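# build the 3D model from these lines:
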Amino acid sequence: MLKTILTAAAALALAGPAAAETVLYRNATLIDGTGAPARPGMSVLVEGERIADVQPADRLSPPPGARVVDLSGKYLLPGLIDSHEHLATPPNRRQAEASLRRDLYGGVTAVRDMADDLRAVAELARASLRAEIPAPDIYYAALMAGPSFFADPRTVAVSYGYKPGHTPWMQAIDESTDLREAVTLARGTSAVAIKIYANLPGDLVAKIAAEARRQGMQVWAHTAVYPATPAEVIAARPDVMSHACSLAHQALGTPASYQSRTPMDPQPFVGGDNPVTALLVGQMKDSGIVLDATTSIYAHLEAQAAKTPGARKPLCTGAMSDGLVRQAWKAGVEIAAGTDWVAPYDDPWPTLHHELAALVKLGMSPAEVIRAATLNGARAAGQARDLGTVEAGKLANLIVTAKDPTADIANLKTLDVTIKRGREYRRADFRPLTRDEMEDR
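I've put the predicted structure just below:
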């Protein structure tokens, strides 16, 4: 009897979660993620994990056995994407699962993890994929930086059991490194990208990027890699550059190392018309580089520093970062919505909503911001074939809202349901985070 039970349990485990059903979401106003005008009276047919068809409601009938969900008066969008999270620096499974739960029940169906202890991140990604935990899909990077960066105490926390800089997910790189081997080791972690982080010269940034591309990996980089300047990073042609703030180093000087950064004068950048930055963002646009703006973090850090006498000021002010993002956006650079911070436990909505509000505040329209958090987020993660728009063949990652978010981005908080890979997560079922869940341990 015990053997029979164990055999059945093993078979169930191998089978994974039950397949998502066939559902016709009927008669919604469709906001497809491309930035195109909303289309009323549209239906979306979902079969299992994927979208099978998208048609006007009067042209799409439910297949036999399909469940029909009437979305009359509601809005259907692609699931949101946070292009900059850190889920395991240091690893804290309970905290990560809580944050991911808030993301998913708040409309976020995918995130880019920007280099952590990938032993922990990979397990979170696996559990999310199998629907063992309520969480967005996770696409993550392995980090490369100069040897001197690994004096940073955070690298000890993410390399436990190994010498920092000597793990496949966080590697110290210098001129003697066999880059072919280094990138191959990174690929073995199931990372989709190499993140070029800090304390590397421009020529080495270019070599890492070239080898990563040769081996079929995405290249994600900071806008300044210290001492590599923003212009040198752009010349290496990464797919994505993170932190608009650091573009200012091209005009004000790029420090020799990540550790030697100091707050910058915001005045030349708040107007969004700096001539040095104009050259950079023009090159980014021409190269098709996505900017992971992370602008809300600077206002957050500025506010936190103001509460603490003697606290070090952030690298950029919120207004300075906003000015740099505004200049890039107006130049035609594709903006992705990433956060790089975590909202307090008692905020019922994902941190991404702060970034979306910040992007609207600096001048982007709600439709453009939705594109930043959908199609551009998919491009940033290297997943545009599967994510980011509502199209037949793509993953059924969708959200339904009661009010029009293209009229007011805050209407994303009228969320009814998140659909990830065809499975529904109703907002009414969200279990709020607790202080205990979000404590550092």
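# domains of this protein?
Taking automatic domain parsing as the criterion, the chain consists of the domains 20-76+395-426, 80-380.
# so residue 99 makes contact with residue 438?
Yes: between residue 99 and residue 438 a contact is recorded at 7.4 Å, counting by Cβ atoms under 8 Å. Yep, even glycine has a C-beta here, placed from its N, CA and C like the rest.
# more neighbours: the two, which one.
residue 99 (23 against 18; other Cβ atoms under 10 Å).
# chain neighbours aside, what residue packs nearest to the more buried one?
With Cβ to Cβ, 6 or more residues apart in numbering as the measure, residue 342 is the residue that lies nearest to residue 99, at 6.0 Å, once sequence neighbours are left out.
# just residue 101 next, same as before
Nearest residue to residue 101, sequence neighbours excluded (Cβ to Cβ, 6+ apart): residue 134, at 5.0 Å.
# how far away is residue 287 from residue 279?
Counting by Cβ to Cβ, to the nearest Å, the separation of residue 287 from residue 279 is 13 Å.
# correction: residue 78
With Cβ to Cβ as the criterion, residue 78 and residue 279 are 33 Å apart.
# which one's more surrounded, those two?
With neighbours defined as other Cβ under 10 Å, residue 78 and residue 279 compare such that residue 78 has more, 31 against 16.
# contact partners for the more buried one?
Contacts for residue 78 (Cβ atoms under 8 Å, 6 or more residues apart in numbering) come out as 32, 33, 109, 374, 375, 387, 388, 389, 390, 397, 398, 399.
# what about the fifth one, neighbour count?
In other words, residue 375. 22.
# one more: residue 393?
11.
# how about it, phi and psi?
With angles defined as degrees, to the nearest 10, residue 393 sits at phi 100, psi -20.
# format the contacts of residue 78 as CSV; extra columns: distance to residue 163.
Listed next are the contacts of residue 78 as CSV, based on distance: Cβ to Cβ, whole Å:
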residue, distance to residue 163
32, 48
33, 43
109, 37
374, 40
375, 41
387, 36
388, 39
389, 44
390, 47
397, 39
398, 44
399, 43
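# circling back: for residue 434, find the nearest of the domains of the chain.
Residue 434 lies closest to domain 80-380 among these, at 6.6 Å (Cβ to Cβ).
# before we move on, the earlier item: shared neighbours, residue 99 and residue 438?
By Cβ under 8 Å, 6+ apart, the residues touching both residue 99 and residue 438 are residue 342.
# where does pLDDT dip in the stretch 51-200 of the chain?
Within the stretch 51-200 of the chain, no range satisfies pLDDT under 70.
# strands of that one, residue ranges please.
Counting by DSSP state E, counting those that start in this stretch, the stretch 51-200 of the chain has strands at residues 67-70, 75-78, 80-85, 108-113, 137-145, 166-167, 170-172, 193-196.
# out of these, which gets nearest to residue 242?
Taking Cβ to Cβ, strand 80-85 is the member of the strands of the stretch 51-200 of the chain nearest to residue 242, at 6.1 Å.
# neighbouring strands of that closest one in the sheet, and parallel or not?
Strand pairing for strand 80-85, determined by DSSP bridges: strand 108-113 (parallel).
# now the angle between strand 137-145 and the strand it pairs with, please.
Put simply, strand 108-113 runs at 10 degrees to strand 137-145, going by axes from the mean of the first three to the mean of the last three Cα atoms, to 10 degrees.
# gap between strand 108-113 and the chain center?
5 Å (Cα atoms, centre = their mean, to the nearest Å).
# and the gap between the residue nearest the centre of the chain and residue 193?
Among the residues of the chain, residue 83 comes closest to the average C-alpha position under Cα atoms, centre = their mean, at 1.7 Å. Distance of residue 83 to residue 193, computed by Cβ to Cβ: 12 Å.
# what residues are up against the closest residue to residue 313 other than its chain neighbours?
Once flanking residues are discounted, residue 313 sits nearest to residue 263: 4.5 Å by Cβ to Cβ, 6+ apart. With contacts defined as Cβ under 8 Å, 6+ apart, residue 263 is in contact with 312, 313, 314, 315, 316.
# turn the residues you listed into a markdown table, columns for secondary structure.
Listed next are these as a markdown table, based on DSSP: H, G, I helix; E, B strand; the rest coil:
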| residue | secondary structure |
| --- | --- |
| 312 | coil |
| 313 | coil |
| 314 | coil |
| 315 | coil |
| 316 | coil |
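# buried subset of the residues you listed?
Among the contacts of residue 263, those classed as buried by 16 or more other Cβ atoms under 10 Å are 314, 315, 316.
# between the residues you listed, which is nearest residue 255?
Out of those, the member with the shortest distance to residue 255 (by Cβ to Cβ) is residue 315, at 10.2 Å.
# can you tell me the helix or strand for residue 360?
Assessed by DSSP states H and E, residue 360 sits inside helix 352-361.
# other SSEs contacting that helix?
strand 80-85, helix 296-306, helix 318-330, helix 366-372 (3 or more Cβ pairs under 8 Å, 6 or more residues apart in numbering; DSSP states H and E).
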